[in-house]
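A.B. asks: build me a model from this:
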Amino acid sequence: MARTDSSSDPTFRELLDYVESSLSFATSSYNDAYLDRRISARMRRRGVESYDEYQSLLDDDEEEQTALLNALSVNVTSFFRNPEVWDALREVIADIASDSRVNIWSAACSDGREAYSMAMLAHDDDRIDPNKVKILGTDIKPEIIRAARAGEYHASETNDIEEQLEPLSQNNRYVERDGDIYRVTDEVKSLVSFRKHDLVQERPPDTFDLVVCRNLFIYINSEAKQAIFDTLGSALTPDGYLTIGMTETIPPSCRDRFDPVEKRLRIYRNAANSNP
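C.D. replies: Residues are numbered from 1 along each chain as shown. I've put the predicted structure just below:
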């Protein structure tokens, strides 16, 4: 399937329009190259050679619609991804908790492991009263939210669980194994709730002391990135913190809204109070 410059192919654009209008997936928020990689992988899986043929298949096959939506959703995650970031976030949460309750938003939370990682930190650190911590995880896909609420992860998709949980002092306390399933404990789940949310189209669900939105921006286009940073920024309390992925950057048009706290680790603070 040797194709070049799919972005100028009218049948590719028609397919994207179909996916956006009929399947309610915001293709316009993502890079064409990313979309083409995911779509082409599904086409190869189904033995389809052209975009218009694949659109016809989608129109008649609800199972393929679901498979494509799952392929397009960005769901790469793990517990405590980039541990040094989590060491810094532990200090942020402890600092906030010393004076007040802590309201945390895990935006684009995928299958919930990021949100649960924050709940584990709250239970693991003696400086933090977990009863003062509330965590909301959101994602655009309802089936991902259902998976996150379950808090169950197959061993085949959770490699090196012991290594992932190394930032914790009691790493065997928060995740239980049942055969091929790793299950987050009830004490961890009690701090976390999940709901569907569209970062481009919807306002923030609340105001938060800490917003974590990591490893989403490498997949989306500049216009959607601007909209999402506007949403995240407006969700912060005056002294609130924002964390993004270590390979990601804040758009130049939004940088005056965030002061770097740990720039290398991509931890920022609301700049609302830094100006006279």
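
A.B. asks: what about the strands in the stretch 151-276 of the chain?
C.D. replies: With strands called from DSSP state E, counting those that start in this stretch, the stretch 151-276 of the chain shows them at 152-154, 175-178, 181-184, 192-196, 208-213, 236-244, 258-262, 267-270.

A.B. asks: nearest to Pro10, of the ones you listed?
C.D. replies: Among those, the nearest to Pro10 by CB to CB is strand 192-196 (32.6 Å). For every residue, glycine as well, the C-beta is placed using N, CA and C.

A.B. asks: on that earlier part again, among the strands of the stretch 151-276 of the chain, which comes closest to Arg101?
C.D. replies: strand 208-213 (8.1 Å).

A.B. asks: so which elements touch that closest one?
C.D. replies: Packing partners of strand 208-213 (3 or more CB pairs under 8 Å, 6 or more residues apart in numbering; DSSP states H and E): helix 83-97, strand 102-106, helix 222-235, strand 236-244.

A.B. asks: where does pLDDT dip in the stretch 1-150 of the chain?
C.D. replies: 1-7, 29, 73-77 (pLDDT under 70).

A.B. asks: can you give me the helices in it?
C.D. replies: With DSSP state H, counting those that start in this stretch as the criterion, the stretch 1-150 of the chain has helices at 10-22, 32-46, 51-60, 62-72, 83-97, 113-124, 142-150.

A.B. asks: how about a markdown table for these, with mean neighbour count and distance to Val212 added?
C.D. replies: Formatted as a markdown table, the helices of the stretch 1-150 of the chain follow (neighbours: other CB atoms under 10 Å; distance: least, CB to CB, whole Å):
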| stretch | mean neighbour count | distance to Val212 |
| --- | --- | --- |
| helix 10-22 | 16 | 27 |
| helix 32-46 | 16 | 22 |
| helix 51-60 | 17 | 34 |
| helix 62-72 | 15 | 22 |
| helix 83-97 | 18 | 7 |
| helix 113-124 | 25 | 6 |
| helix 142-150 | 17 | 14 |
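
A.B. asks: so what's the spatially most central residue of the chain closest to, chain neighbours aside?
C.D. replies: Centroid check for the chain by CA atoms, centre = their mean gives Ala108 as the closest residue, at 2.8 Å. Once flanking residues are discounted, Ala108 sits nearest to Leu216: 4.4 Å by CB to CB, 6 or more residues apart in numbering.

A.B. asks: isn't that neighbour right up against Phe229?
C.D. replies: No: here Leu216 does not reach Phe229: they are 10.8 Å apart, not a contact under CB atoms under 8 Å.

A.B. asks: with neighbour numbers in mind, choose between those two.
C.D. replies: Phe229 (22 against 19; other CB atoms under 10 Å).

A.B. asks: quick one, domains of this protein?
C.D. replies: 6-72, 83-270 (the TED database).

A.B. asks: report the contact partners of Thr247.
C.D. replies: By CB atoms under 8 Å, 6 or more residues apart in numbering, Thr247 lies in contact with Asn215, Ile218.

A.B. asks: re the thing from before, name the stretch among the strands of the stretch 151-276 of the chain that sits most buried.
C.D. replies: Mean neighbour count (mean count of other CB atoms under 10 Å) peaks for strand 208-213 among the strands of the stretch 151-276 of the chain, with a mean of 25.

A.B. asks: just the angle between that strand and helix 113-124, please?
C.D. replies: 140 degrees (axes from the mean of the first three to the mean of the last three CA atoms, to 10 degrees).

A.B. asks: each with direction, which strands does strand 208-213 pair with?
C.D. replies: strand 102-106 (parallel), strand 236-244 (parallel) (DSSP bridges).

A.B. asks: of all the ones you listed, which lies closest to Thr27?
C.D. replies: Evaluated with CB to CB, these place strand 236-244 nearest to Thr27, the distance being 22.5 Å.

A.B. asks: nice, that's everything, thank you.
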